[in-house]
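> Need a 3D model of the following:
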Amino acid sequence: MFNEIDGASGSGATGAGSGDGGTSSGTGGSDASGGNATGGLGGTAGMAGSGASAGSGSGGSAGSGMSCVSGTPCGLECVDTRNDDAHCGACDVTCPEAASCENAECACPDADEEPCGAACVNTQTDGAHCGGCDVECPAGAGCDEGECVCTRGRMLCEDACVYLESDVEHCGKCDNACPETATCEDSECVCPDGEEQCGDECANLDTSNVHCGACDSPCEGGTCTDGVCVCPEGLENCDGHCSDLAADAEHCGTCEIACMNNRICAESVCTCPPNLEECDGTCVDTETDENNCGVCGERCEGNQVCENGECGCAGELTLCGVECVDVDSDPDHCGGCGDACPTAEFCTARQCLASPCDGICNSPTTVSPAADGFRAEPLGTSSGCYQVRDYNPTQTDPRIVCWEFQAGRTLRVNGQTTACLAGMGAELPEVRADGYCVQVGPGGAEFAGFLFPTR
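Modelled structure (predicted):
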């Protein structure tokens, strides 16, 4: 049984009482006969009663909200969604006219049917719901055992019933399209008279330069006449290519000879171009070839390059023995060939250094990596020297960010004056040893700091 609880109003009896309207209930006078009346759930507040000898108070007005002792409130009624045809399983879920709600599900009277929209249908035979609701068979097809089946000898291809014997898009089988100018006859593509089907087109084998005499038999540079590739005077037909045997590197002298290893065809003979020389069967430029530098067989040693026919070092590299090295940074040749740095030292700007601050300041403070990079703060107001090593960010550009450098406080990185910039920061100079030496001048705010960001 479903009970609806509505709002009510009460009036006070004679007496010195006052009524208070509540948010959802109102209280009448103090006498029990006029008593306390409960306002409607969710109603508006009642008006206060007046405190006269014949005073009365009214409760709150009846609320519009619903509360069901049992069941589910749907609109203005309490329903059992387990068996209500208009609210089956949930409010406003209406079962088809022929169906009923059983255990919160719409059930059709026929065991072979199921609800689809506003109707009970058999998805094994219904053409609009074949195999499932809203699965519609194409025109000309029926539904048999839950599958769309075409009638009158037609075949279902994608979403259409077609005659494979005559359909140009599905000739003989689904998706077998005939060429644009062909027709489908007895399940085979038929080209116009005088043409043959070559792949996806119809071609006249007597005149087509793409299919001359046979499909895929080209006639390049010539004219297909009566199925034969006829080349212009002075050119030879080499498997469908009209070639100048005196100059064609693919057909040099005869159709069967192709020039190799950078050779060209000159007067029907394979030879090297004028600017190249033949070395061991290959045409090379002895001005730049590292294996034939200047003359055939002269090989440049180590990592030397060949320039103007001579072996040497590229750019600003220096030849030390047979290897080209950068004496600005090579620890085995620091400043000059054979000038090796002590073990574990680095070569920077032709100087052997033990650390980034070597030669700049003594006893620097090493800045350790943090979550966002190499951070030093607060710096205080005194001068300081810091070293950052192994700073190789992969998620951002290498840079230094600093803040609160006030009152002319200076910043130097690897001995170079650097601007103190927040936000994107300032570009770093070249690495010194394996990192950077940061010198901070005195002054400014105690909470100043700098960061080598890693992200």
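> Next up, the contacts around L353.
L353 sits next to E345, F346, C347, G359, R432, A433 when contact means Cβ atoms under 8 Å, 6 or more residues apart in numbering. All C-beta atoms are positioned from the backbone trio N, CA, C, and that covers glycine.
> now with 6 Å?
Contacts of L353 were listed using Cβ atoms under 6 Å, 6 or more residues apart in numbering, and they are F346, A433.
> if I look at it, how far off is G435?
According to Cβ to Cβ, to the nearest Å, L353 stands 10 Å off from G435.
> Assign a three-state SS to the residue nearest to A119 when sequence neighbours are not counted, would you?
Of all residues not flanking A119 in the chain, P96 sits nearest, at 5.2 Å (Cβ to Cβ, 6 or more residues apart in numbering). Secondary structure for P96, judged by DSSP: H, G, I helix; E, B strand; the rest coil, is coil.
> My guess is P96 contacts P115. True?
Yes: counting by Cβ atoms under 6 Å, P96 does reach P115; the two are 5.0 Å apart.
> I figured V440 was touching G384, is that so?
Yes: with contacts counted by Cβ under 6 Å, V440 reaches G384, the gap being 4.7 Å.
> Of these two, which one has the most company?
The neighbour comparison of V440 against G384 (other Cβ atoms under 10 Å) goes to V440, with 24 against 15.
> So what does that one have for phi and psi?
phi -110, psi 130 (degrees, to the nearest 10).
> Distance of it relative to S383?
In this view, V440 and S383 are 6 Å apart by Cβ to Cβ.
> so what's D289 up against?
With contacts defined as Cβ under 6 Å, 6+ apart, the neighbours of D289 are C306.
> so where is this structure shaky, pLDDT-wise?
Low-confidence segments of the chain, defined by pLDDT under 70, span residues 1-66.
> For the most centrally placed residue in it, I want the exact helix or strand it lies within.
Residue closest to the average C-alpha location in the chain (Cα atoms, centre = their mean): Q395, at 19.4 Å. When elements are assigned from DSSP states H and E, Q395 belongs to no helix and no strand.
> Double-check it against G373; I have them as touching.
No: no contact is recorded between Q395 and G373 when judged using Cβ under 6 Å, the distance being 10.0 Å.
> burial measure for the closest residue to Q406 other than its chain neighbours, as a count.
Leaving out its chain neighbours, the residue that sits closest to Q406 by Cβ to Cβ, 6+ apart is G444, at 4.2 Å. G444 has 19 neighbouring residues, counting by other Cβ under 10 Å.
> Tell me how far G444 lies from E220.
79 Å.
> swap in T348?
Separation of T348 from E220 (Cβ to Cβ) stands at 63 Å.
> Show me how the chain divides into domains.
Following automatic domain parsing, one gets these domains for the chain: 1-79, 80-121, 272-316, 365-453.
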